[in-house]
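Engineer: Please work out how this folds:
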Amino acid sequence: MIPRGPPVSPPATAAPLPPAPATSAPPTAPATTGVDAGAGPGAASATAPARVTRPAGPQILATALAAPIYGRPDKASPHLGYLRLGGSVERGERPVSGKACAGSWYSVRPAGYVCTAEASIDPDLPVLRAAQRRPRADSPLPYAYGFVRATSPLYLRIPTEAEQKASEFKLLEHLQWYEANHLHAQRVGLGANDVPLDERGFALLGQPLPRGQRLSTQLDSNESYGGAPGDGQLPAWLRSGRQVPNVSGSDVPESALFDDHVRRKTGLALIDAFVVQTGAFRRGFAVTVDLRLVPVTKLEPEGGSQFHGVEMGTTLAFPFAIIVRADARAWQLVQGREEARGGAPVPKRALIPLSGSARMKAGRRFYQTARDQSSWLAADDVALFAPPERFPEEADQGKKWIDVSLQQQTLVLYEGKDPRYATLISSGRDRLGDPKTQSATPRGHFEIASKHITVSMDSNEVSTLAGGTSTERAATLGDREQAGTDRDATTFELRDVPWTQYFDSGFAIHGAYWHDMFGVPFSHGGIDLSPIDARVAFAWTEPQIPQGWHGLYTTSELGRGTAVVIRR
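Structural biologist: Predicted coordinates:
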């Protein structure tokens, strides 16, 4: 859990964020991706996804949670990508002939075909009106997020007081605990979405943030879960029972009160929240992206880390270091003796330019700082940013590529041999271990194979959207464990992980909204980035997500994926 508190002044030792060099091509702004942008409804919370804005021309809209986009009008053809429930894309004027579609085929832009078995050309369908809130393009986290405090049913309609008591174990005790801890009145910050960004999605604060810093934005309970301030409004599709079909994929009767349970520790993405009061019984509910309801008393809001990397250019060059330990300090090396004397503390996440000199002293490696050459940093206190010993073919060709160092826990976006953006990662916790048998990240030369604005990850199931044989195998929730919240490190379910880019079967670069351990190996094999950094990387890599799409697979129609080099 990210500590909450008043704003913290940036450390004096942190280097300022340099301007982009005049000759560089800055990363593409995330606003150009296929996320539907737009203003939220009225005074709705900044955590709420944007309401959909449709481009001109005839549209086809997804009526399923994921509506595939096929390479040909044939369900046996490869997938090019998919639309998220409620998402729209420009289509051809008339249907085309094809195979295996229990409806009609339409061509879509910029490539592919969609079947109306999972989509519709009628934007006024109740399910499409219910799903009109889209993931945000203008925020590091595209949805509001929360973690499940206690196992809960996923309701399909608003339950009565009696139905809740019958469906939820020891509900009255749970509600008493919730009230006693004043969680009903809790106000929290936005977290990652508190950080101001420029038009490209780069953070404007000027330096990596100290762990735990929050800005001034405060949200009430309903806003924290994606709703409007106060009690919110009951969605129209829930005012007389449930007026839309169940799109979760579960096979339950239409008369069912709930569809499955969500277990404790699960991360959920949320699109709305509201409060219902019947007599003296008052309770809030949040709406998941698949239009199921979870009581907000069973949720803990999560805003993600505010940490972010730095743009590289004419005023910031290699080598430099970012402090990754809270107890780091500057050192003085004693000439002629195997001795290093500890000096003043150096703030965690401070960025320190280095001279390029390194020495061994008393069995430890030290790097000389550039501003004070009598001052040295211990190698085990920092992440070192420096060029690789060998550049890949893409660098010689002037192409974009991503450089990842598992030993240093760093990621750098390159164009040719010019670094553009640098940040910290959390890779597999076994660092240089065997990814087949340990929680480690594979090394080698890869390409981005698929991109997803959000995708769910589960420790026990194959992610069909990833196109792999296993899921990312995910991050544990260390900050929450340290805060005393019991979370199992071996199983997890993290829904709608943002800005996900798979580069190998089951392994991805993605945003992590559940921890702030960047700079330390911490995941089960994927490459975790802060939400801000994941959004920058997602917008920078090729191919770009077409307007309206939620995910794509790299194909000849859409272009090859950006190279990813993962080294020691």
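
Engineer: Thr288 versus Leu156, what's the distance?
Structural biologist: Per C-beta to C-beta, to the nearest Å, Leu156 is found 11 Å from Thr288. C-beta: built from backbone N, CA, C; applies to glycine.

Engineer: Specify the residue ranges that define each domain of this protein.
Structural biologist: With domains defined by automatic domain parsing, the chain comprises 53-131, 144-302, 319-385, 393-567.

Engineer: I'd like the next helix or strand past the helix or strand of the chain with the lowest mean pLDDT.
Structural biologist: Counting by mean pLDDT, DSSP states H and E, the chain has its least confident helix or strand at helix 478-482, which shows a mean of 28. Counting by DSSP states H and E, the next helix or strand C-terminal to helix 478-482 is strand 493-504.

Engineer: just so I have it, where are all the helices in this structure?
Structural biologist: Along the chain, the segments classed as helices by DSSP state H run 126-130, 161-167, 171-180, 221-224, 393-396, 478-482, 531-540.

Engineer: Output the below-cut-off pLDDT ranges for the protein.
Structural biologist: Scanning the chain for pLDDT under 70 picks out the ranges 1-55, 205-216, 459-491.

Engineer: Farthest from the middle of it: give me that residue.
Structural biologist: Gly336 (49.9 Å; C-alpha atoms, centre = their mean).

Engineer: Need phi/psi at it.
Structural biologist: phi 80, psi 0 (degrees, to the nearest 10).

Engineer: From Arg283, how far off is it?
Structural biologist: From Gly336 to Arg283 the distance is 72 Å (C-beta to C-beta).

Engineer: would TSV of the domains of the chain with distance to Gly313 be doable?
Structural biologist: Below are the domains of the chain laid out as TSV (distance: least, C-beta to C-beta, whole Å):
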stretch	distance to Gly313
domain 53-131	32
domain 144-302	11
domain 319-385	13
domain 393-567	8
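
Engineer: Check the ones you listed for me and report the most buried one.
Structural biologist: Looking across the domains of the chain with neighbours counted as mean count of other C-beta atoms under 10 Å, the highest average goes to domain 393-567: a mean of 21.

Engineer: end-to-end on it?
Structural biologist: Taking C-alpha to C-alpha, to the nearest Å, domain 393-567 runs 15 Å from one end to the other.

Engineer: Stretch 519-536 too?
Structural biologist: End to end - C-alpha to C-alpha - stretch 519-536 spans 18 Å.

Engineer: roughly how far is that stretch from the heart of the chain?
Structural biologist: Centroid separation for stretch 519-536 versus its chain: 9 Å, with C-alpha atoms, centre = their mean, to the nearest Å.

Engineer: just to revisit the earlier point, please convert the helices of the chain to JSON lines, extending it with distance to Val114.
Structural biologist: JSON lines is the format used below for the helices of the chain (distance: least, C-beta to C-beta, whole Å):
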{"stretch": "helix 126-130", "distance to Val114": "14"}
{"stretch": "helix 161-167", "distance to Val114": "37"}
{"stretch": "helix 171-180", "distance to Val114": "43"}
{"stretch": "helix 221-224", "distance to Val114": "34"}
{"stretch": "helix 393-396", "distance to Val114": "33"}
{"stretch": "helix 478-482", "distance to Val114": "39"}
{"stretch": "helix 531-540", "distance to Val114": "23"}
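
Engineer: Any idea which of the ones you listed gets closest to Thr423?
Structural biologist: helix 531-540 (4.5 Å; C-beta to C-beta).

Engineer: relative orientation of that closest one and strand 493-504 in degrees?
Structural biologist: Helix 531-540 runs at 40 degrees relative to strand 493-504, counting by axes from the mean of the first three to the mean of the last three C-alpha atoms, to 10 degrees.

Engineer: Number the residues from 34 up from this point.
Structural biologist: New numbering, starting at 34: the last item is helix 564-573.

Engineer: Check which helices and strands helix 564-573 is in contact with.
Structural biologist: strand 443-448, strand 451-457, strand 526-537, strand 540-544 (3 or more C-beta pairs under 8 Å, 6 or more residues apart in numbering; DSSP states H and E).

Engineer: So which of the ones you listed is nearest Ile385?
Structural biologist: Nearest to Ile385, of all the helices and strands packed on helix 564-573, is strand 451-457, at 13.2 Å by C-beta to C-beta.

Engineer: List the contacts of the closest one.
Structural biologist: Strand 451-457 is contacted from outside by 57, 59-60, 241, 340-345, 351, 355, 357, 416, 418, 420, 442-447, 551-552, 562-563, 566, 569-570, 573, using C-beta atoms under 8 Å, 6 or more residues apart in numbering.

Engineer: Name the nearest residue to Gly389, ignoring sequence neighbours.
Structural biologist: Excluding its sequence neighbours, the residue lying closest to Gly389 (C-beta to C-beta, 6 or more residues apart in numbering) is Pro352, at 5.7 Å.

Engineer: Can you give me every residue that contacts Glu590?
Structural biologist: Gly104, Leu113, Ala144, Gly145.

Engineer: Verify the stated contact: the third one with Gly592.
Structural biologist: No. In this structure, Ala144 is not within contact of Gly592 by C-beta atoms under 8 Å, at 10.4 Å.

Engineer: list the contacts for the closest residue to Thr588 other than its chain neighbours?
Structural biologist: Spatial nearest neighbour of Thr588, chain neighbours left out: Leu113 (5.7 Å); criterion: C-beta to C-beta, 6+ apart. Applying C-beta under 8 Å, 6+ apart to Leu113 gives the contacts Ile102, Tyr103, Gly104, Ala144, Gly145, Leu585, Tyr586, Thr588, Glu590, Leu591.

Engineer: partner residues bridging Lys433?
Structural biologist: Glu448 (DSSP bridges).

Engineer: whoops, Phe479 was the one
Structural biologist: Val597.

Engineer: repeat for the one 4 residues further on
Structural biologist: Here Ser483 shows beta-bridge partners Tyr535, Tyr586, assigned using DSSP bridges.

Engineer: wait, doesn't it sit right on Tyr535?
Structural biologist: Yes. Ser483 lies in contact with Tyr535 (C-beta under 8 Å); the separation is 4.7 Å.

Engineer: Determine which of the helices of the chain approaches Gly300 most closely.
Structural biologist: helix 511-515 (10.5 Å).

Engineer: circling back: would a markdown table of the helices and strands packed on helix 564-573 with distance to Ile93 be doable?
Structural biologist: Shown next, in a markdown table, are the helices and strands packed on helix 564-573 (distance: least, C-beta to C-beta, whole Å):
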| stretch | distance to Ile93 |
| --- | --- |
| strand 443-448 | 34 |
| strand 451-457 | 36 |
| strand 526-537 | 23 |
| strand 540-544 | 28 |
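
Engineer: List the residues that contact the residue nearest to Gly389.
Structural biologist: Counting by C-beta under 8 Å, 6+ apart, the residues that Pro352 touches are Pro386, Leu387, Gly389, Tyr400, Leu417, Phe418, Ala419.

Engineer: With Ile356 instead?
Structural biologist: So Ile356 contacts Val379, Pro380, Lys381, Arg382, Ala383, Ile385, Leu410, Asp414, Val415 (C-beta under 8 Å, 6+ apart).

Engineer: Please report phi then psi for the first one.
Structural biologist: This points to Val379. Per degrees, to the nearest 10, the backbone of Val379 is at phi -120, psi 130.
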